[in-house]
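[1] pasting the structure only:
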């Protein structure tokens, strides 16, 4: 996992209109510029905010990315909760 590069790309997408435009037009080329795993590429390409959240992406980068990807605030929060719930079912705590 390369959280640094995921967050670096999301920062650029959030802050730079030219990067956002390139991402729309040449998504694969932009993703290839960062040392990302296949899972990370897929999560960013699909704007899978739940998966990105579980990867550890900082909320101050994730929320604007979600909004720019068309996700409304309540849907964003619900996606995060669904991801946490699914992860909890996969990895229940051992007491």
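    Right, received. Where do you want to start? Since this is a predicted model, take the numbers as computed values, not measurements.
[2] Just give me the neighbour total for residue 44.
    When neighbours are defined as other C-beta atoms under 10 Å, residue 44 has 25 of them. (Glycine included, C-beta is placed from N, CA and C.)
[3] pLDDT averaged over the helix or strand where residue 18 lies - what is it?
    Here residue 18, judged by DSSP states H and E, is contained in helix 17-25. Mean pLDDT, computed over helix 17-25, is 96.
[4] Apart from its neighbours in sequence, what residue is nearest residue 54?
    Leaving out its chain neighbours, the residue that sits closest to residue 54 by C-beta to C-beta, 6 or more residues apart in numbering is residue 83, at 5.3 Å.
[5] how many neighbours does the one you found have?
    Per other C-beta under 10 Å, the neighbour tally for residue 83 reads 18.
[6] Residue 4 too?
    Neighbours of residue 4 (other C-beta under 10 Å): 10.
[7] I'd like to know how far it sits from residue 61.
    12 Å (C-beta to C-beta, to the nearest Å).
[8] List the contacts of the residue nearest to residue 69 when sequence neighbours are not counted.
    Nearest non-adjacent residue to residue 69, counting by C-beta to C-beta, 6+ apart: residue 47, 3.7 Å away. Going by C-beta atoms under 8 Å, 6 or more residues apart in numbering, residue 47 touches 65-66, 69-71.
[9] Can you get me a residue count around residue 87?
    Neighbours of residue 87 using other C-beta under 10 Å come to 13.
[10] if I read this right, it contacts residue 53, doesn't it?
    No - when contacts are counted by C-beta atoms under 8 Å, residue 87 is not listed as touching residue 53 (9.5 Å).
[11] number of nearby residues for residue 22?
    The burial count for residue 22: 16, using other C-beta under 10 Å.
[12] If you could redo that for residue 51, that was the one I meant.
    Residue 51, neighbours per other C-beta under 10 Å, totals 19.
[13] Alright, that wraps it up for me.
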